[in-house]
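S.K.: task: produce atomic coordinates for the following.
(one chain, ligands or ions: 1)
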Amino acid sequence: MFLKRFRPYFNYLKPVKVQFGVGLLAGLIYAASSGFGLPYVTKHLVPLVTQPDKPEATVLFGYLALVPIMFALRALGSFVNAYFIAYSGMFVLEQIRRMVFDHIQRLPLAFFHKNKVGDLMSRVLGDTTLLQTAIVRVVDSLIKEPATLLAAGGYLVYLSFQTEDISFILLALASIPACVLPIRFIGQAIVKKATLAQAEAGELNHVLNENLSATREIRAYSLEAQQSERFAETCARFLKQSLKVVKYDKALTPIIEVVTAGALVGALSIAIQRDVDEGALASILVALYMCYQPTKKLGNVSNTIRQAEASLNRLEYVLNKQDTVPDAEKPTPLNKARGDLKFENVSFQYADKAVLQSVHTEIPAGQTVALVGPSGAGKTTFANLVLRFYDVADGCVRIDGLDIRQISKEDLRRQIALVSQEAILFSDTIANNIRLGNPDASDADIEQAARMAHAHDFIEALEDGYETLVGERGSRLSGGQRQRISIARAFLKNAPIIILDEPTSALDAVSEHQIQAALEELSKGRTVLIIAHRFSTIQHADRILVFDCGQIITSGTHAELYSSNALYRSLYDKQSKTALEN
Ligand code: ADP
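M.R.: Below you'll find the model as predicted:
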């Protein structure tokens with residue numbers, strides 16, 4: 001059955017098994033009172049009311065009282081069932097949502113090159129919400145409706161024995177395949193359509209996300225109309241796919257209604273031919289009505305489950321993605337490295353594109369090395385391999401002589417502080433942003449790190465000092481201020497290796513000077529890799545590695561390279577010229 005698809009997730013129900021059990025029991029109470037109780041009371045009550053002789057008052061009132069009692073049981077069962085099963089369903093869903101998020105935290109960077117952020121957001125939020133709505137809708141019906149159907153069918157069987165006529169059983173049996181066929185057919189169509197509709201929802205999210213992340217550029221280049229058009233086109237595609245789901249979904253109830261109307265007429269004609277009394281006739285109608293409701297609801301539930309299946313597929317796409325940069329089975333522990341780095345004939349490629357070829361170099365602990373070369377030469381990739389954002393295709397990267405694949409990623413990354421080109425801050429206070437370098441740091445440690453990063457003075461000058469909220473991605477601070485906060489974070493981390501991706505955008509002279517001073521301070525006693533975009537920094541480097549087309553073509557000091565290497569000289573001269581022009 002279609003529920004097989006969801007079976008692995010039933011394990012997550014364990015912590016809420018009591019609530020789930022109560023919900024199940026309540027569903028059974030609802031079913032028994034609706035499917036069996038109500039037709040049974042009808043059968044006995046109708047003759048009492050219609051017979052010419054006045055019935056005994058106690059008997060009449062006894063049966064009359066049963067009517068509200070049955071309805072009360074039904075209502076209570078319905079509520080308790082719906083609440084506790086929805087409770088359990090939402091509990092499971094929360095686990096799934098957290099599981100997807102946790103999994104995303106651990107997926108390698110390569111995954112994010114292939115999958116758009118907007119689409120991933122749509123999977124974590126949109127698809128889980130769809131699943132949640134589905135669970136609530138489904139659980140409302142999944143236990144009590146089949147049980148009611150069974151109870152009402154059971155009543156018809158009971159009546160068949162009473163009247164010694166099996167036609168009612170046959171009738172109940174015959175209408176089942178007539179209803180199940182359209183349910184199956186429509187269900188299959190819905191999975192396909194819902195998958196397409198959810199993919200469009202992901203696309204919509206992607207367009208929105210991209211738009212909101214580029215608000216400045218859109219205004220600067222007057223792209224408003226173009227963006228609106230792009231959004232409108234995506235909306236239209238989403239609408240078209242969603243309407244297809246609605247079309248199939250809504251076709252089901254009318255089909256089932258027609259089938260049940262046939263069954264009802266069949267039952268009536270059999271009853272008339274067999275001359276059944278009015279009590280039995282009324283109870284047959286009640287029982288058939290009780291069959292009709294669950295069949296209709298089950299059909300709709302089947303559609304909802306099919307839509308949920310499409311969402312589950314999209315979530316499992318993320319959940320089943322393997323970590324392509326896995327930890328070793330028994331990693332060698334590394335508490336604090338000295339900071340020797342070694343690339344041994346390292347080659348690397350993105351998909352089919354060779355990016356680094358047989359790169360071989362040694363960087364002793366404490367050395368500051370600048371990586372220089374034309375754009376696209378492989379400098380960033382070189383640094384990314386040290387952090388194990390990707391694994392080498394060939395060769396090996398070593399820290400203190402240890403292959404970094406033998407160290408757990410956690411231990412490895414504790415040895416390295418990354419200062420990115422675009423300093424990324426989280427929307428929190430300045431203190432907490434610095435604290436990310438070391439969660440155990442005291443306020444005094446944070447202030448000390450900020451002082452060393454030449455950030456203390458500007459932080460103190462802010463109204464709320466260290467408690468100032470930096471805004472989304474640090475938008476309330478200038479580029480230079482953000483950079484100094486991220487340097488303070490690196491100071492606090494106190495890692496033996498620093499990877500510094502130099503900011504390309506021109507900072508004002510004061511900022512640049514302060515950042516330069518902070519970085520020199522940070523570099524002391526550590527191994528430093530600088531991805532150099534400006535040549536002002538590299539004069540302080542102990543050694544310069546010149547990259548071209550994925551290889552280190554030469555290395556040396558500035559003076560050595562300037563006199564001996566044509567590529568270096570031309571890059572340097574071009575830079576100095578633009579610097580002068582600026
Ligand atoms: P650099 O830092 O020297 O400018 P990179 O290391 O960023 O160079 O890039 C080296 C080459 O790898 C470039 O040709 C670039 O197009 C390619 N590249 C970088 N990132 C990816 C990626 N995620 N997928 C495919 N190719 C990439």
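S.K.: going forward, measure contacts and count neighbours with C-alpha atoms only.
M.R.: OK.
S.K.: and the host helix or strand of residue 263, how far from the chain's centre?
M.R.: Per DSSP states H and E, residue 263 falls inside helix 224-274. Put simply, helix 224-274 sits 29 Å off its chain's centre (C-alpha atoms, centre = their mean, to the nearest Å).
S.K.: burial count for residue 214?
M.R.: By the criterion of other C-alpha atoms under 10 Å, residue 214 has 10 neighbours.
S.K.: and what of the one 4 residues further on?
M.R.: The local packing of residue 218 (other C-alpha under 10 Å) involves 16 other residues.
S.K.: tell me the pLDDT at the closest residue to it other than its chain neighbours?
M.R.: Nearest non-adjacent residue to residue 218, counting by C-alpha to C-alpha, 6 or more residues apart in numbering: residue 224, 6.2 Å away. For residue 224, the pLDDT comes out at 89.
S.K.: okay, and the beta partners of the residue in the stretch 201-350 of the chain that the ligand sits nearest to?
M.R.: In the stretch 201-350 of the chain, the residue that lies nearest the ligand is residue 350 (4.8 Å; C-alpha to the nearest ligand atom). Per DSSP bridges, the residues bridged to residue 350 are residue 353.
S.K.: how much space separates it from residue 393?
M.R.: 10 Å (C-alpha to C-alpha, to the nearest Å).
S.K.: again, but for residue 315
M.R.: For residue 315 relative to residue 393 (C-alpha to C-alpha), the value is 30 Å.
S.K.: same check, this time on residue 339
M.R.: 23 Å.
S.K.: show me which of those two is the more surrounded one.
M.R.: For residue 339 versus residue 393, the count of surrounding residues by other C-alpha under 10 Å is larger for residue 339: 25 against 14.
S.K.: how about the most centrally placed residue in the chain: what's its closest non-neighbour residue?
M.R.: Nearest residue to the geometric centre of the chain (C-alpha atoms, centre = their mean): residue 124, 2.4 Å. Nearest residue to residue 124, sequence neighbours excluded (C-alpha to C-alpha, 6+ apart): residue 97, at 6.3 Å.
S.K.: would you say that neighbour is within a helix?
M.R.: Yes: Residue 97: assigned to a helix according to DSSP: H, G, I helix; E, B strand; the rest coil.
S.K.: now do the contacts for it.
M.R.: 124-125, 128 (C-alpha atoms under 8 Å, 6 or more residues apart in numbering).
S.K.: tell me the pLDDT at it?
M.R.: 89.
S.K.: so it versus the ligand, what's the distance?
M.R.: Note on residue 97: its distance to the ligand, by C-alpha to the nearest ligand atom, to the nearest Å, is 27 Å.
S.K.: could you look up the SS state of residue 398?
M.R.: Relying on three-state DSSP, one would call residue 398 strand.
S.K.: next, count neighbours for it.
M.R.: When neighbours are defined as other C-alpha under 10 Å, residue 398 has 19 of them.
S.K.: just checking, it touches residue 343?
M.R.: Yes: taking contacts as C-alpha atoms under 8 Å, residue 398 lies within contact range of residue 343: 6.5 Å.
S.K.: confidence score at the residue nearest to the centre of the chain?
M.R.: Looking at residue 124, the pLDDT reads 87.
S.K.: residues from the stretch 1-150 of the chain in reach of the ligand?
M.R.: Counting by C-alpha under 6 Å from any ligand atom, the residues of the stretch 1-150 of the chain close to the ligand are residue 113.
S.K.: from residue 195, how far out is residue 41?
M.R.: 47 Å.
S.K.: okay, these two: which has more neighbours?
M.R.: residue 195 (23 against 19).
S.K.: surely the more buried one meets residue 310?
M.R.: Yes: using C-alpha under 8 Å, residue 195 is in contact with residue 310, at 4.9 Å.
S.K.: so what does the helix holding residue 263 touch, helix or strand wise?
M.R.: helix 167-213, helix 278-319 (3 or more C-alpha pairs under 8 Å, 6 or more residues apart in numbering; DSSP states H and E).
S.K.: can you pull the contacts of the residue nearest to residue 342 when sequence neighbours are not counted?
M.R.: Distances taken as C-alpha to C-alpha, 6+ apart place residue 362 nearest to residue 342, at 4.4 Å, with adjacent residues excluded. Shown in contact with residue 362 (C-alpha under 8 Å, 6+ apart): 340-343.
S.K.: from these, which two are the most distant?
M.R.: Spatial extent of the contacts of residue 362 (C-alpha to C-alpha) is set by the pair 340 and 343 at 10.4 Å.
S.K.: what does the chain put close to the ligand?
M.R.: So the chain meets the ligand at 113, 350, 355, 375-381 (C-alpha under 6 Å from any ligand atom).
S.K.: in strands only, show me those.
M.R.: Among these, the members found in strands (DSSP state E) are 350, 355.
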